[in-house]
Each structure stands twice: as C-alpha cells, then as structure tokens.
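> return atomic coordinates for the entry below.
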Amino acid sequence: MTTLIGVDPHKSTHTATAVAPETQRELSSLRIEATLDDYERLLRWADQWPRRRWAIENAAGMGYHLASWLLARGEHVVDVSPRSTARVRQLSRGGRRKNDRIDAAAAACAAALAGDANVLQPDG
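Got it, this is the predicted structure:
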C-alpha cells in the first residue's frame, strides 16, 4: 500500500503526518522548519515508507516551495484545498479540534477518501 503523507505548511514551519491509507490512522508526525536542510530531514524521515504520496494543503500557496522541491526529486505530490481539509476535520471525531498535526492528517485523508486533490507535475 502507498502511505499518504499530509503536510500542513506555514510560512516558517511545516508539519507532516504519515497516514495508513486503509485505516486513515496516524503513523507518525514531524514538524520541520521551512528550510532546505529540514526539507532533506523530512525526506529522510519519509524514507521509512518507500511507497508514498504527499498531500500538501494549499500547494499553490504556502506549500509551493516544498511541493516544487519534492516534485524535483521525483516524489508524487497532490494539492489539497484548505476547504477539503476542513471538511475532513469536521466529519471526523472531535471535529472542532484543530492543530497542525491534525490538519496534516486531514490533508492526507482528503486525498485518500474522496480523491479530493489535484495531481501536481514538475514545472518545466
């Protein structure tokens, strides 16, 4: 199975949460600084799941640099809208809770459950 890694990006930090696609349960989570060194650390962390797909919330906005960096390294990346992430979070138990780890998991689940994501391609 392909592990889904949801990312909740912010200006200075990104939170990634790996989710088992068959159960939508969190496997692990990591918060990094939005720096190239920490992007490398994020990819090393993700290596524990050789078959993976990244679901980045707002990959055209706050997640653009990370999404582009991952695509340039041959990773599979999808863009999940913040609206889809909020909908998944609302429908889950305790839907009013919100934090970066939960938002990252919600991005992964939005991509898994309804295919509610746009596949990204590397820029020229």
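> looking at it, Arg52 is touching Gly74, isn't it?
No - Arg52 is beyond contact range of Gly74, at 11.5 Å (criterion: Cβ atoms under 8 Å). In short, each C-beta sits where N, CA and C put it, glycine included.
> who has more neighbours, those two?
Arg52 (15 against 7; other Cβ atoms under 10 Å).
> give me the nearest residue to the more buried one, chain neighbours excluded.
Take Arg52 and drop its neighbours on the chain: the residue closest to it by Cβ to Cβ, 6 or more residues apart in numbering is Thr3, 4.7 Å away.
> cool, and Arg73?
Leu43 (7.0 Å).
> what about Val119, how many neighbours?
By the measure other Cβ under 10 Å, the count of residues near Val119 is 11.
> ok, now His76?
His76 has 14 nearby residues by other Cβ under 10 Å.
> follow-up on the earlier one: I'd say the residue nearest to Arg52 and Ala18 touch.
Yes - with contact defined as Cβ under 8 Å, Thr3 reaches Ala18; the gap is 5.5 Å.
> okay, those two: which has more neighbours?
Comparing Thr3 with Ala18 by neighbour count (other Cβ under 10 Å), the higher total belongs to Ala18, at 22 against 19.
> was I right about the more buried one contacting Leu27?
Yes - at 4.3 Å, Ala18 and Leu27 qualify as touching, with contact defined as Cβ under 8 Å.
> joint contacts of the two?
By Cβ atoms under 8 Å, 6 or more residues apart in numbering, Ala18 and Leu27 have these common neighbours: 3, 49.
> about what we covered before: what sits in contact with each of Thr3 and Ala18?
Common neighbours of Thr3 and Ala18 (Cβ under 8 Å, 6+ apart) are 27, 49, 52.
> now do the phi/psi pair for Leu42.
The phi/psi pair for Leu42 (degrees, to the nearest 10) reads phi -60, psi -40.
> which one is it nearest to, not counting chain neighbours?
Using Cβ to Cβ, 6+ apart, the closest residue to Leu42 is Ile32 (5.2 Å).
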